[in-house]
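S.K.: what shape does this take:
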Amino acid sequence: MQYSFKNIRSILIYTFVISLISAAYYIYAYLFHFIPEERETFLTEIGEGFGNAGLALLAFIYFRTFLKLLLGQGKLARRLLPNYTSPIGPSYLNRLMIWMNRTHVYFGIAAVAVILLHIQ
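M.R.: Numbers count the residues shown, from 1 in each chain. Modelled structure (predicted):
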């Protein structure tokens, strides 16, 4: 396990630094910038719906990445954790993974389209 932690230490440090910068920017923007009054219209409600759908599609795509890391599949998992063997046996998760591998391209295209609709 020590060998695997050495491989991902730089990624963890990078993630921690970016999280600190993001939190600092959020606090700065919240404290020093004016928040305009929100007007609820029909179009803003439609935009909210597209935004929620896009977020759900992105969550599906990132869940696939997390599942691949959990199961120890894919190039990313082998690079980050070269000596890792999954404690989870081949079961429903592997069947779910096969389905997600076949459909993630379509979910990605739908996510891009929905997010572009949200922006408009």
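
S.K.: only C-alpha atoms for contact and neighbour calcs from this point on.
M.R.: Will do.

S.K.: tell me which element Pro51 falls in.
M.R.: Actually, residue 51 is Gly. It isn't Pro. Secondary-structure element containing Gly51, defined by DSSP states H and E: helix 42-71.

S.K.: ugh, wrong one, I meant Phe34
M.R.: Assigned by DSSP H and E, Phe34 belongs to no helix or strand.

S.K.: which elements pack onto the helix holding Gly51?
M.R.: With contacts taken as 3 or more CA pairs under 8 Å, 6 or more residues apart in numbering; DSSP states H and E, helix 42-71 sits against helix 74-80, helix 92-119.

S.K.: could you rerun that using 6 Å?
M.R.: helix 92-119 (3 or more CA pairs under 6 Å, 6 or more residues apart in numbering; DSSP states H and E).

S.K.: could you give the angle of the helix it packs on to helix 42-71?
M.R.: 150 degrees (axes from the mean of the first three to the mean of the last three CA atoms, to 10 degrees).

S.K.: tell me which residues in helix 92-119 are buried?
M.R.: 97, 100, 104, 107-108, 110-111, 114-115, 118 (16 or more other CA atoms under 10 Å).

S.K.: break the protein down into its domains, please.
M.R.: According to automatic domain parsing, the chain is divided into the following domains: 1-36, 39-120.

S.K.: alright, that wraps it up for me.
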